[in-house]
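> Sequence and computational prediction follow.
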Amino acid sequence: MQTRILKVSSKNPSLSQIRKAARIIKSGGLVAFPTETVYGLGANALDSKSVRKIFEAKGRPSDNPLIIHISDIAELGILAENIPSTAFDLIEKFWPGPLTLVLKKSKIVPKIVTGGLDSVAVRMPKNKVALELIRLCGTPIAAPSANIAGRPSPTRAEHVSEDLNGKISMILDGGPTKIGIESTVIDLSSKTPMLLRPGGITIEQLQKILGKISIHPIVFGKKTKTIIRSPGMKYRHYSPKAKIILIEGSKPKIRKKISELSKYYKSQGLRVGILGANIGSDLTKSQASQQKIAASLFKSFREFDAKKIDIILAQGTSNKGLGLGIMNRLGKAAYKKIRV
Ligand code: TXA
Ligand code: MG
């Protein structure tokens, strides 16, 4: 299959380009498109045959459910049932935006989308290309991140092409994505809201509206016997080919450890990369904001692979704000964690 790559501005998109993509999705094909978080790999969410192609192209295990993307709140009522009022409070505040709600599914949602669960994950992305694409398709779009399963999520069209060229019909290239890590996933399908995946909307922002939120232990990388409410979380994710060693603790101690380990591995003839607040350079220099770290995290993983780095020494950050999402991704990608 030939993969067509069409450039389209995320600020001021050309409808004629997006119409071509919509035609593909309406006829059962796959299109990768930009969102504000990462690129998604989209298919008609209401058609099992189309959705199956997503799992095949990505090599995704069939028990890992997909998020359905909508462009209009009216579509939510078609996909979900017994929607609690808290969902609407969140929607008012955070949609369109990087927040995915897990709700009780309606009958119209094919089983393949939810991996057999009786819940469905829905979000409205904050990107004009994504919203126009969904609108022009006239159907909700199921879309996981547009990478091969287990690889870092794509934050640029080139990353999608690296992983999926020849396997999908089209990539809409809307430039780099803004946020860089995926949406926050919150489960509202049972009594206490539960954070299943930290992401673009912080838990502090959610607590302001919801009050008490429980956090699934797997968010911190803990093994758990509780029912896995989000099957996707059990898979190793986001991994570059290099081995990541995540170092947590106080900044001066982390710095010391990184320099020790770097010398040691280099003496073993290995290629070492350093992932810090100021990525790849001197950690003592200016601390980039968490937003910047998130925006470049997955891109750095891929760049280290391109440079054939063997070991990545990653500096841990705080679990506050966007940090929780960053640490969750680093933790999942890590081969080893060290506390100093
Ligand atoms: O930012 C994002 O969310 C991106 C863009 C493309 O929208 N999408 C994304 O999709 O990250 P994906 O498939 O890579 O991650 C979806 C996550 C998985 O952890 C999956 O287990 C969870 O959402 N999920 C989907 N449906 C669920 C459900 N019914 N119950 C619990 N978790 C669910
Ligand atoms: Mg993914």
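That came in fine, so what should we check first? Numbering: from 1, shown residues only. Ligands and ions are numbered 1, 2, ... in the order given.
> tell me which element Q291 is part of?
Secondary-structure assignment from DSSP states H and E places Q291 in helix 290-306.
> what's near enough to touch the residue most central in space within the chain?
Nearest to the geometric centre of the chain sits E182, at 2.7 Å (Cα atoms, centre = their mean). Contacts for E182 were tallied using Cβ atoms under 8 Å, 6 or more residues apart in numbering; they are 37-38, 98, 145, 153, 197, 199-200. Every C-beta, even on glycine, is put in place using the N, C-alpha and C of the backbone.
> out of the residues you listed, who's near ligand 1?
Residues of the contacts of E182 in contact with ligand 1 (Cβ under 6 Å from any ligand atom): 37-38, 98, 145, 197.
> May I see the ChimeraX selection of the buried members of these?
Buried subset of the ones next to ligand 1 among the contacts of E182, written as a ChimeraX selection, criterion 16 or more other Cβ atoms under 10 Å:
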select :37,38,98,145,197
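> for the ones next to ligand 1 among the contacts of E182, which one is nearest D118?
R197 (19.1 Å; Cβ to Cβ).
> Now do the same for the nearest residue to R151 once chain neighbours are set aside: helix, strand or coil?
Excluding the flanking residues, the one nearest R151 by Cβ to Cβ, 6 or more residues apart in numbering is D163, at 5.9 Å. What DSSP: H, G, I helix; E, B strand; the rest coil gives for D163 is helix.
> D163 and G276, how far apart?
26 Å (Cβ to Cβ, to the nearest Å).
> same question, G321
For G321, the distance to G276 - Cβ to Cβ - is 18 Å.
> Just want to know which of the two has more residues nearby.
G276 (24 against 18; other Cβ atoms under 10 Å).
> Check the gap between the residue of the chain most remote from its centre and ligand 1 for me.
Ranked by distance from the centre of the chain (Cα atoms, centre = their mean), the top residue is S267, with 35.9 Å. Per Cβ to the nearest ligand atom, to the nearest Å, S267 is found 38 Å from ligand 1.
> Please apply the same query to N328.
Distance from N328 to ligand 1, by Cβ to the nearest ligand atom: 11 Å.
> Over to S14?
In terms of Cβ to the nearest ligand atom, S14 sits 21 Å off from ligand 1.
> Just the pLDDT at that residue, thanks.
Confidence at S14, expressed as pLDDT, is 92.
> can you check A142 too?
98.
> Closest one to A130 out of the contacts of E182, please.
T37 (10.0 Å).
> contacting residues around that closest one?
98, 125, 177-183, 199-200.
> Give me the next element, helix or strand, following the helix or strand harbouring L246.
Using DSSP H and E, L246 falls within strand 243-248. Next in sequence after strand 243-248, counting helices and strands by DSSP H and E, comes helix 251-267.
> Quick check: chain neighbours aside, which residue is closest to G29?
S169 (4.3 Å).
> which element is the residue nearest to the centre of the chain on?
E182 belongs to no helix or strand, assigned by DSSP H and E.
> likewise V160?
In this structure, V160 sits in helix 157-164 according to DSSP H and E.
> Only the buried residues of that helix, if you could.
Result for helix 157-164 [16+ other Cβ under 10 Å]: buried residues 157, 159-164.
> for these, which one is nearest ligand 1?
Of all those, ligand 1 sits closest to V160, with 10.8 Å by Cβ to the nearest ligand atom.
> Make sure the closest one is actually in contact with R151.
No - counting by Cβ atoms under 8 Å, V160 stays clear of R151, with 10.7 Å between them.
> Going along the chain, name the helices of the chain.
Applying DSSP state H to the chain gives helices spanning 15-26, 48-58, 76-79, 85-94, 111-114, 128-137, 157-164, 203-210, 251-267, 290-306, 323-333.
> Show me which residues of the stretch 1-150 of the chain are close to ligand 1?
Near ligand 1, when you scan the stretch 1-150 of the chain using Cβ under 6 Å from any ligand atom, you find 35, 37-38, 40, 64-67, 98, 100, 102, 114, 117, 119-121, 125, 143-145.
> try it again with 5 Å
Taking Cβ under 5 Å from any ligand atom as the criterion, the stretch 1-150 of the chain approaches ligand 1 at residues 35, 37, 40, 65, 67, 102, 114, 117, 119, 121, 143-145.
> Can you tell me which of the residues you listed lies closest to L46?
Closest approach to L46 among these (Cβ to Cβ): T114, at 12.4 Å.
> Just give the closest residue to the closest one, not the sequence neighbours.
P65 (4.7 Å).
> shouldn't R4 be in contact with I168?
No - between R4 and I168 there is no contact under Cβ under 8 Å: 9.5 Å.
> If you count surrounding residues, which of the two has more?
Under the neighbour definition other Cβ under 10 Å, R4 and I168 were set side by side, and I168 has more, 26 against 14.
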